[in-house]
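Chemist: Below are the sequence and a predicted model; questions follow.
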Amino acid sequence: MNAIEANRLTKYYGSLAAVDQVSFTVDEGEIFGFLGPNGAGKTTTMRMLTGVIRPDEGTGSIMGYDVVKENIRAKQARGVVPDTSNAYVDISAWQNLLLTGDLYGVPRRLTEERAEKLLRRFGLYEKRDQVVKGYSKGMKQRLILCMALVSEPPILFLDEPTSGLDVESSRLIKDIVREVNKGGVTVFLTTHNMEEANQLCDRIAIIRSGRIVAVDSPEKLKARSKELQSIEVSFDRPIDLAGVPLSGIAKTVKAGDKYRLYTGDPDTVIKQLVDYAESERLRIVALSLLSPSLEDVFVELTKKEA
Ligand SMILES: Nc1ncnc2c1ncn2[C@@H]1O[C@H](COP(=O)(O)OP(=O)(O)OP(=O)(O)O)[C@@H](O)[C@H]1O
């Protein structure tokens, strides 16, 4: 059984198809990333899968439960960290967790046990009785993650979980996502942070203007774009490499004192660079072959057609 299934999910806002026939499946135990630029439709997709809004077309399911027709069962199977805080700010972290436990029908003693464990793991236990209003952004985000986990759901949804957080909170959240995943929880997360997707995800769906343009593992996505290999080179004195006729180059980019040459044929380009340096009596200070970063692939795939 798939942990998550989206089948031609579609949502319109007026005439805009914010999400347009989006289909994918997430296996149990996977960390699945939904990566796309601002306004691509990530949050809208997640809201349909988490029962906040209804799809106009298509279906979604969580552990086999239809997100519309069997919403209660689907809800029991997922914990959600939404894009805006769902914690009550006038009560304490502890009270927020008890409320969430009640909402999911978890027996009170079990909620208390889990709440204590979670708050300790998230470094919030000492502050558990403080009202949430006084929490920093990072503390609030950690609390929201605790709330999403208190029902011990098999699936965890996170919308931009580390966006705008300090390095420490962000790292803690990533560590915990990995940890709960090791414990068997399937994770679906949206992000526009390529490095985060690269570090965390088993597979990534790239979404652009409401449509999925690729679904694959980070490494396979990188391998797909061989022509996005590049050579970084710098010489001992400044030269205008863009004016030098080198063959086999798709694009030349100057970055600081270095040049980055994109090519599908690094061998030929490196030989030409060496010849050029010799004829001009230049010393090559640095030369490296870079495989495409996820960012390169992302930029390529999310480029709007002219
Ligand atoms: N409630 C709404 N009413 C009208 N338009 C909306 C609404 N919610 C989203 N949109 C539009 O739908 C498109 C997709 O938005 P969505 O929030 O899903 O994108 P996103 O990928 O999550 O982007 P971001 O990273 O900026 O949150 C955007 O063009 C957005 O302006």
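Modeler: Here it is on my side, so go on. Residues are numbered from 1 along each chain as shown.
Chemist: switch to C-alpha atoms for all contacts and neighbour counts from now on
Modeler: Fine.
Chemist: mind listing what the spatially closest residue to Leu118 that is not a sequence neighbour touches?
Modeler: Counting by CA to CA, 6 or more residues apart in numbering, Cys146 is the residue found nearest to Leu118 once chain neighbours are left out, at 5.9 Å. Neighbouring residues of Cys146 by CA atoms under 8 Å, 6 or more residues apart in numbering: 97, 115, 118-119, 122.
Chemist: Let's see if you can find the most crowded of these.
Modeler: Of all the contacts of Cys146, the most densely surrounded is Leu97 (28 neighbours; neighbours counted as other CA atoms under 10 Å).
Chemist: Look up the closest residue to it, ignoring the ones flanking it.
Modeler: Met147 (5.6 Å).
Chemist: where does the one you found fall, helix, sheet strand or coil?
Modeler: Secondary structure, DSSP: H, G, I helix; E, B strand; the rest coil: Met147 is helix.
Chemist: hang on, isn't it packed against Leu103?
Modeler: No: Met147 lies out of contact with Leu103 (CA atoms under 8 Å); the separation is 10.7 Å.
Chemist: quick one, which of the two is more surrounded?
Modeler: Between Met147 and Leu103, counting by other CA under 10 Å, Met147 is the more crowded of the two (27 against 11).
Chemist: where's the more buried one relative to the ligand, distance?
Modeler: 22 Å (CA to the nearest ligand atom, to the nearest Å).
Chemist: The nearest residue to Val26 once chain neighbours are set aside: neighbouring residues, count only.
Modeler: Leaving aside its chain neighbours, Val26 sits nearest to Ile4 (5.0 Å; criterion: CA to CA, 6+ apart). Residue neighbour count, defined by other CA under 10 Å, stands at 24 for Ile4.
Chemist: Same question for Gly79.
Modeler: Residues near Gly79, counting by other CA under 10 Å, number 25.
Chemist: Can you check what pLDDT the model gives it?
Modeler: On pLDDT, Gly79 comes in at 95.
Chemist: Leaving out sequence neighbours, find the closest residue to it.
Modeler: Here the residue nearest Gly79, using CA to CA, 6+ apart, is Ala148, at 4.3 Å.
Chemist: wait, doesn't that neighbour sit right on Val80?
Modeler: Yes: applying CA under 8 Å, one finds Ala148 in contact with Val80, separated by 5.2 Å.
Chemist: overlap in contacts of these two?
Modeler: Leu156.
Chemist: who's in contact with the residue nearest to Val185 when sequence neighbours are not counted?
Modeler: Closest residue in space to Val185, ignoring its immediate chain neighbours: Pro154 at 4.9 Å, by CA to CA, 6+ apart. The neighbours of Pro154, taking CA under 8 Å, 6+ apart as the test, are 77-78, 184-186.
Chemist: This completes my enquiry, with thanks.
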